[in-house]
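*Asks:* Quick check, what structure comes out for this input:
(chains A and B)
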Amino acid sequence: MRSAIPTIAEAARAIAAKQLSPVELTRACLDRVHKLDGELNAFVHLTEERALGDARAAEAVIMAHGPKGPLHGIPIGLKDIVDTKGIQTTCQSKLLQGNIPDADATCAEKLAAAGTVLMGKTTTHEFADGGPSFDLPAPPARNPWNTKHFTAGSSSGTGAGVAAGLILGGIGTDTGGSIRGPAALCGIAGIKPTYGLVSRAGVAPAAFSLDHIGPMAWTAEDCALMLQALAGHDRRDPASAARPIPNYTAQLGSGIKDLKIGVIHHFHETDHKVSDGTQRGITAAIGTFRDLGAEIREVQLSPLQDWLACGSLISITERAAAYEEWARTRLGDFSERLRSRLMLGAFVTGVDYVQAVRRRRELRAELQAAMRGLDVVLTATQPAEAAKIDAVPKWDLFGPPNFTMPFNVAGYPAISVCTGFGEGGLPVAIQLVGKPFQEPTLFRAADAFEKATPYRDRRPALVGG
Amino acid sequence: MAEIKDEAFEFLIARAGLDLNNEQKAELKGIYAGIAAMAERVRKPRGRMAEPAHIYDFTEEDLA
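*Replies:* Residues are numbered from 1 along each chain as shown, chains lettered A, B, ... in the order given. Okay, the predicted model is just below:
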């Protein structure tokens, strides 16, 4: 193992060899939670008894019959917008205090069926939007690399929890970057799969046509192991794709010779110029891919601002529709940040929305054409290292465009991987984007990069990294 | 930069069913231009035949 905190793959191998007990592994995670989470706020609700019960049950089965798969006995967290039967699911909102779902979300059900150990519900922005808020029932998560800094969001608790080793993996959701953003700023891996690949059933919506559910973990390989359990058709989700599910780890380690990677230079060099540290990470990553045998090309798309306008109008409108009843009757119960976002819905007309959805079709066709002859495209995930948590602008929506929304608009899969550390000592990252349902190729590229670079060897100092 | 007249603003807020105080109204009015710019940006010369995204096929369940 490269660290005292194992990856999912490492833990799975040790559990299968009966060298690691799921109960011991879970207790080690719980010890870190008790030691660190007062500062990190990664959990809204810790399910300690459930975790130990899951771990004991897993251990008994494994000792008798061996593990049912690589997630058996692995401690994970679920973002608190994921319904959990009999366990409070608050979406970090005053509106849902005391809410106890009577059924699991499909993703929770699938991870439980794979034998995972549920450590608890992880911190989120309220209903997965709005930014870090200090006027909610629970405080925002903090970045394990420097707790004065933001994790990005909205899957903030899962990002912080994985980086600090409180959990080995977890569920995030992503409507405009909420998996990839925290993955980048917390220095972990996180994939937004192809739209429709992972069921959204039982997960609170942010914007129906942009919402994706996906895994976050220390490595791309771990994300692949989790996606294997999560992917698949679900009749409870009207947008669920009925497609065969490939083996997501089959291509790992097979190299990336002749992989064709297109770099969208203008996104991060012109449309929204990234920090020097982030640019250095991108440049070095391109060099690493070239050294590993990939062919590097340049890709030109519409300006990032076009993608953001399209995604934002859709997101604002779908969110306003989903939460209209509460916005009309209980607006004051939302945090200031989400309340402000919901109010924006008043300004988007029905025609504006349809024009945005027409633009969406054009933009997706553009990406499809640009990726002809390519396997992967590459750009930044975040513009820089994490900002201080009290310096995150409320109206970032109208600031420089983000790098993640284009792939929610297109529905294409995208993964964030760590490319090192910036001037402030905090992680920086790149984003790799694949063709629809080509997650195996993305994992192959991301895994090859991680294994060729030293960034998976270092954990945050507060966990002894 | 796009501006919105008080009357139009009040109409949109009322139509959305939002009950806002003066401070919230002032803040929202101040960022109207940002939304208007986005709405302008998604409008391109595309003609009447251009379909939106997400025109779905019938599913197996529809056909059963």
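*Asks:* ok, and residue 14, which helix or strand is that part of?
*Replies:* All of this refers to chain A. Using DSSP states H and E, residue A:14 sits within helix A:8-16.
*Asks:* The chain in question should be chain B.
*Replies:* Assessed by DSSP H and E, residue B:14 sits inside helix B:6-16.
*Asks:* which bits of chain B sit near chain A?
*Replies:* Counting by C-beta under 8 Å from any C-beta of the partner chain, chain B comes close to chain A at B:12-13, B:15-20, B:24, B:27-28, B:31-32, B:34-39, B:41-44, B:46, B:50-54, B:59-61. Heads up, the C-betas are built off the backbone N, CA and C, glycines and all.
*Asks:* ok, how many other residues are close to residue A:236?
*Replies:* By other C-beta atoms under 10 Å in any protein chain shown, the residues close to residue A:236 number 12.
*Asks:* picking up where we left off before, over the helix holding residue B:14, what's the mean pLDDT, rounded is fine.
*Replies:* Averaged across helix B:6-16, pLDDT comes to 96.
*Asks:* can you map out the helices along the stretch 351-465 of chain A?
*Replies:* A:405-410, A:439-452 (DSSP state H, counting those that start in this stretch).
*Asks:* Residue A:263 is nearest to which of those?
*Replies:* Residue A:263 sits nearest to helix A:439-452 of all those, at 12.8 Å, using C-beta to C-beta.
*Asks:* Which secondary structure elements does the closest one sit against?
*Replies:* strand A:189-192, helix A:220-230, helix A:276-291, strand A:376-380, strand A:414-421, strand A:427-434 (3 or more C-beta pairs under 8 Å, 6 or more residues apart in numbering or on different chains; DSSP states H and E).
*Asks:* Mind doing that once more with 7 Å?
*Replies:* Applying 3 or more C-beta pairs under 7 Å, 6 or more residues apart in numbering or on different chains; DSSP states H and E, one finds that helix A:439-452 contacts helix A:220-230, helix A:276-291, strand A:376-380, strand A:414-421, strand A:427-434.
*Asks:* quick one, it and strand A:427-434 angle?
*Replies:* 150 degrees (axes from the mean of the first three to the mean of the last three C-alpha atoms, to 10 degrees).
*Asks:* What residues of stretch A:415-433 count as buried?
*Replies:* Buried positions in stretch A:415-433, judged by neighbour count with 16 or more other C-beta atoms under 10 Å in any protein chain shown: A:415-422, A:424, A:426-433.
*Asks:* And stretch A:305-316, by the same measure?
*Replies:* Buried residues in stretch A:305-316, counted by 16+ other C-beta under 10 Å: A:306, A:307, A:308, A:309, A:310, A:311, A:312, A:313, A:314, A:315, A:316.
*Asks:* Helices along chain B, start to end?
*Replies:* Counting by DSSP state H, chain B has these helices, from start to end: B:6-16, B:22-30, B:32-41, B:60-63.
*Asks:* winner for burial among these?
*Replies:* Among the helices of chain B, helix B:32-41 has the highest mean neighbour count (mean count of other C-beta atoms under 10 Å in any protein chain shown), at a mean of 18.
*Asks:* Need the CA coordinates for that helix. PDB is fine.
*Replies:* Taking C-alpha atoms only, helix B:32-41 is exported to PDB below (Å, rounded to 0.1, in the frame of the first residue of the first chain):
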ATOM      1  CA  TYR B  32     -31.100  40.600 -14.100                       C
ATOM      2  CA  ALA B  33     -28.600  41.700 -16.800                       C
ATOM      3  CA  GLY B  34     -26.600  38.500 -16.300                       C
ATOM      4  CA  ILE B  35     -29.600  36.300 -17.100                       C
ATOM      5  CA  ALA B  36     -30.600  38.500 -20.000                       C
ATOM      6  CA  ALA B  37     -27.000  38.100 -21.400                       C
ATOM      7  CA  MET B  38     -27.300  34.300 -21.100                       C
ATOM      8  CA  ALA B  39     -30.700  34.300 -22.800                       C
ATOM      9  CA  GLU B  40     -29.200  36.400 -25.600                       C
ATOM     10  CA  ARG B  41     -26.200  34.100 -25.900                       C
END
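*Asks:* Show me the contact partners of that helix.
*Replies:* With C-beta atoms under 7 Å, 6 or more residues apart in numbering or on different chains as the test, helix B:32-41 has contacts from A:305-306, A:309, A:312-313, A:344, A:347-348, A:352, A:398, B:1-4.
*Asks:* quick one: average confidence on that helix?
*Replies:* Mean pLDDT, helix B:32-41: 96.
*Asks:* Can you give the contact residues for stretch A:240-248?
*Replies:* Residues from elsewhere that reach stretch A:240-248 (C-beta under 7 Å, 6+ apart): A:196-197, A:199, A:224, A:227-228, A:231-234, A:437, A:439-440, A:443.
*Asks:* let's see 6 Å
*Replies:* A:196-197, A:199, A:224, A:227-228, A:231-234, A:439-440, A:443 (C-beta atoms under 6 Å, 6 or more residues apart in numbering or on different chains).
*Asks:* Including distance to residue A:276, could the helices of chain B go into TSV?
*Replies:* What follows is these, written out as TSV (distance: least, C-beta to C-beta, whole Å):
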stretch	distance to residue A:276
helix B:6-16	42
helix B:22-30	33
helix B:32-41	28
helix B:60-63	52
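*Asks:* Sticking with residue A:58, tell me its helix or strand.
*Replies:* Applying DSSP H and E, one finds residue A:58 within helix A:48-65.
*Asks:* Now the element after that helix, going C-ward?
*Replies:* Helix A:48-65 is succeeded, C-terminally, by strand A:75-79 (DSSP H and E).
*Asks:* Under the pLDDT cut-off, which ranges of chain A? List them.
*Replies:* For chain A, applying pLDDT under 70 flags the ranges A:1-3.
*Asks:* give me that answer again for 90
*Replies:* Across chain A, the ranges flagged by pLDDT under 90 are A:1-4, A:130-131, A:394-397, A:464-465.
*Asks:* near chain B, which residues of it show up?
*Replies:* Within chain A, the positions near chain B by C-beta under 6 Å from any C-beta of the partner chain are A:309-310, A:312-313, A:328, A:343, A:346-347, A:352, A:354-361, A:398.
*Asks:* and residue A:257, backbone torsions?
*Replies:* The phi and psi values for residue A:257, taken as degrees, to the nearest 10, are phi -60, psi 130.
*Asks:* now the end-to-end length of stretch A:457-465.
*Replies:* With C-alpha to C-alpha, to the nearest Å as the measure, stretch A:457-465 spans 8 Å from end to end.
*Asks:* returning to that earlier point: just curious, which of the contacts of helix B:32-41 is nearest to residue A:136?
*Replies:* Once C-beta to C-beta is applied, the member of the contacts of helix B:32-41 that ends up nearest residue A:136 is residue A:344, at 19.5 Å.
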